[in-house]
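Engineer: Fold the stuff below for me.
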Amino acid sequence: MARRYADLPLHYGRVPPWLAERMTLLGGAITESIILEYGKSEVLKRLSDPLWFQAFGSVLGMDWHSSGITTSVMGSLKRAINTRSKELGIYICGGRGKHSRKTPDELIAISNLTGLDGNALVRSSKLAAKVDNTAIQDGFQLYLHNFILTSEGEWAIVQQGMNDATGMARRYHWHSKQFQSYLNSPHAGVTGENQGWILNLADTKADITRAGILSITRENPDKMLGEIRKIVMPRHHEVLESDVNMKRLGAVLTLAHERHVENFESLLLLEGAGPRTVQSLTLVSEVIHGTPSRFTDPARFSFAHGGKDVHPFPVPLKVYDETISVLKNAVEKAKIGNSDKQKAIQQLSVLAQQIEKNFEPRPFFDEVIQKERDESYKYGGMTVFGKAEPPKPKKPRPSDQLKLF
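Structural biologist: Numbers count the residues shown, from 1 in each chain. Predicted coordinates:
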């Protein structure tokens, strides 16, 4: 597999119930849309891409760069998918802390239902954890381990470690279909902040040391990792213009707010969805249908449903609920052969990319965020601090008062 990882600032606290419930609904609808359009394998492939994962968490309303995305996204997906695993053909095991230690038992239970080799799955789960926790000693101690499995035996792993000294968390991604070998396959490269010397047993030059550790741990692996891609998220909490591809964001806003949906014949089936909902649906559409190159700026996806900590703006619950409703309705209709709405949602991302080709970015970033914050109360805006309030009237400046006379 191609093992890749992302570094994230540590965030603490819990996801409020009003957001957790919606994350489960929207995360489940997006996953089901991907399955319907591209198959189960594509879900695992995307979960193994750290940039897509970050964009996915952002579109669900989580803080766009924090370590909490991992726990909350995987928890939401586990709730959404495991109640329908037999229907969807995907199972999610493990979780954070004590839940991670239940992974082997969960895998054995699933294997008893599906006829898969449970012992082999448990070995893959344990070995992936040992590689990230022991073979690569980079200062991050694992505390979260999720094993995502299809009924055919294909799997992906998302796990996360903590570094108390630096205040950062690191997320590791695995995918069985991208898997090459556990040993003797050097990393393609590592980018990001240099945190000093580390013990890297993923290097072919570490044969002797690696053999000693593997004998101590009584493991006998025959494969090693293929490539590494590292992503370091900035420590600043707010979304800055430098975090976003303004050409892409501008195209989304143009499609949603400067053109009427009715002008596009392919989007007629989305009647009733106002400009603000179209903005969210366009970013959701890209999470479902976008190619890997589209997720290099995951902060952009926070412009779908904001963030629970106000960055870039409060979560617009009315828009969030309408997005869920449109997407779930499209999924249900597609199941009975009517895929018009699914195609209309897919077309949103296509149209945005077409607009993007000729879009010339202009200074608008601060204005967009301010507009979202000012109008948040209209859309049921919520944060962990409470409901969004209407903006306070601006006091007239002395120069303005003079104009009254």
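Engineer: Now do Gly153: how many residues are near it, please.
Structural biologist: Neighbours of Gly153 under the rule other C-beta atoms under 10 Å: 14. (C-beta placed from N, C-alpha, C; glycine too.)
Engineer: and it, what helix or strand is that in?
Structural biologist: Element membership for Gly153, per DSSP states H and E: none, as it lies in no helix or strand.
Engineer: got a list of what the residue lying closest to it once chain neighbours are set aside touches?
Structural biologist: In space, and not counting its chain neighbours, Gly153 is closest to Leu116: 4.9 Å by C-beta to C-beta, 6 or more residues apart in numbering. Contacts here follow C-beta atoms under 8 Å, 6 or more residues apart in numbering; on that basis Leu116 touches Ile110, Leu149, Ser151, Gly153.
Engineer: Measure how buried Gly337 is and give me the count.
Structural biologist: The local packing of Gly337 (other C-beta under 10 Å) involves 6 other residues.
Engineer: hmm, I was thinking of His99
Structural biologist: 18.
Engineer: From Asn146, how far out is it?
Structural biologist: Separation of His99 from Asn146 (C-beta to C-beta, to the nearest Å): 9 Å.
Engineer: got it, and Arg123?
Structural biologist: Per C-beta to C-beta, Arg123 is found 17 Å from Asn146.
Engineer: Pick out whichever of these two has more residues nearby.
Structural biologist: Asn146 (26 against 15).
Engineer: Now for the more buried one: which residues touch it?
Structural biologist: Neighbouring residues of Asn146 by C-beta under 8 Å, 6+ apart: Met74, Lys78, Ile92, Cys93, Gly94, Gly95, Ser100, Ile157, Val158, Gln159.
Engineer: Okay, and which of those residues map to strands?
Structural biologist: Among those, the members falling in strands (DSSP state E) are Ile92, Cys93, Gly94, Gly95, Ile157, Val158, Gln159.
Engineer: so can I have TSV of the residues you listed showing distance to Lys247, neighbour count and pLDDT?
Structural biologist: Below are the ones in strands among the contacts of Asn146 laid out as TSV (distance: C-beta to C-beta, whole Å; neighbours: other C-beta atoms under 10 Å; pLDDT from 0 to 100):
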residue	distance to Lys247	neighbour count	pLDDT
Ile92	35	23	98
Cys93	40	27	98
Gly94	39	24	97
Gly95	38	20	96
Ile157	34	28	91
Val158	30	24	91
Gln159	34	26	89
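Engineer: export those to TSV and tack on distance to His236?
Structural biologist: Listed next are these as TSV, based on distance: C-beta to C-beta, whole Å:
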residue	distance to His236
Ile92	31
Cys93	34
Gly94	31
Gly95	29
Ile157	29
Val158	25
Gln159	26
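Engineer: which of the residues you listed lies closest to Glu372?
Structural biologist: Nearest to Glu372 out of these is Val158 (C-beta to C-beta; 30.0 Å).
Engineer: Skipping adjacent residues, who's closest to that closest one in space?
Structural biologist: Asn146 (4.7 Å).
Engineer: all strands for the stretch 101-250 of the chain, in order.
Structural biologist: Per DSSP state E, counting those that start in this stretch, the stretch 101-250 of the chain carries strands over the ranges 136-137, 141-150, 155-163, 168-175, 199-200, 230-232.
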